[in-house]
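> Take this sequence and fold it.
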Amino acid sequence: MSITLSIPPAIVQEVREWAEEHGTSLNQYIRECLEAKVQEIPVESSTEWIAQGLSVQPRAGCCSGGRHMRFFDTNVLVYAQDDSNPEKRAIAIDLITHALEVNHDGCISTQVLQEFCNTMYKKTKRTKEEIDMMLDGFRDLLATDVTIDLVRHALQVKEEYGIQYYDALVVSAAEKLGCHEIISEDLSDGQLYHGMRAVNPFK
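Okay, the predicted model is just below:
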């Protein structure tokens, strides 16, 4: 099975140099580190973790440690970089800053990041280097991948609430991460989606 890891380039380069000096490859070294880490996990805990990874439905507080987690839709990230709308930009920056530095409660998904990059390229004509720097600012937001199970769950959410598919995918990702709120301009403000309240701070 192949997976994608998000690691700062400086760390990758440092580890690659260390691996070469010790006669191994970067992939092999990371694999050995992960195998060693797995050995430290109790059997009961690892079994529970694997089982939960197969389900879209979250366990209460699964990612929050008891915190009130909030999921940021794409428009929050976009407005944080939108010089044409100072008022919305200030609101978005405040939300993200508090999530990263104060409350530690921000969540996103790979869908959000993909839509963000696409918007930056198409609408704001930002360069690859500029977008790279922007992405660094979101590195510490808790993120989840879009999987087949998540897509299937999104189809159910779409039918249940009569919303657009990509909005349903946002709801599904937020649910998977155990969020309590979805910060979005696209969902109905104040409505509950599987117990999660949609909040539009830009209205």
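> okay, now D136: neighbour count?
D136: 10 surrounding residues under other Cβ atoms under 10 Å. Backbone N, C-alpha and C define where each C-beta goes, glycine included.
> Which helix runs longest in this structure?
Ranked by residue count and defined by DSSP state H, the top helix of the chain is helix 86-101.
> who touches that one?
Here helix 86-101 makes contact (Cβ atoms under 8 Å, 6 or more residues apart in numbering) with 70, 72, 76-83, 105-106, 137-138, 140-141, 183, 201-202.
> hey, where'd the helices end up in the protein?
9-21, 26-38, 43-53, 74-79, 86-101, 110-122, 128-136, 148-161, 165-176.
> closest to Q191 out of these?
helix 148-161 (8.1 Å; Cβ to Cβ).
> and that closest one, what other elements does it pack with?
helix 165-176 (3 or more Cβ pairs under 8 Å, 6 or more residues apart in numbering; DSSP states H and E).
> Per-residue pLDDT of G53, please?
The model reports G53 with a pLDDT of 38.
> Surely P201 is in contact with S184?
No. Using Cβ atoms under 8 Å, P201 is not in contact with S184, being 9.3 Å away.
> so where is this structure shaky, pLDDT-wise?
Scanning the chain for pLDDT under 70 picks out 1-13, 18-19, 22-23, 26-29, 31-67.
> who are the neighbours in contact with the residue nearest to N85 when sequence neighbours are not counted?
Of all residues not flanking N85 in the chain, Y79 sits nearest, at 6.6 Å (Cβ to Cβ, 6 or more residues apart in numbering). Residues near Y79 by Cβ under 8 Å, 6+ apart: N85, K88, R89, I91, A92, F202.
> Recalculate using a threshold of 10 Å.
Contacts for Y79 (Cβ atoms under 10 Å, 6 or more residues apart in numbering) come out as 85, 87-93, 95-96, 185, 201-202.
> Distance from stretch 121-137 to the middle of the chain?
Relative to the chain's own centre, stretch 121-137 is displaced by 17 Å; criterion: Cα atoms, centre = their mean, to the nearest Å.
> Show me the residue at the heart of the protein, geometrically.
A143 (2.2 Å; Cα atoms, centre = their mean).
> And that residue, how close does it get to K203?
Per Cβ to Cβ, to the nearest Å, A143 is found 26 Å from K203.
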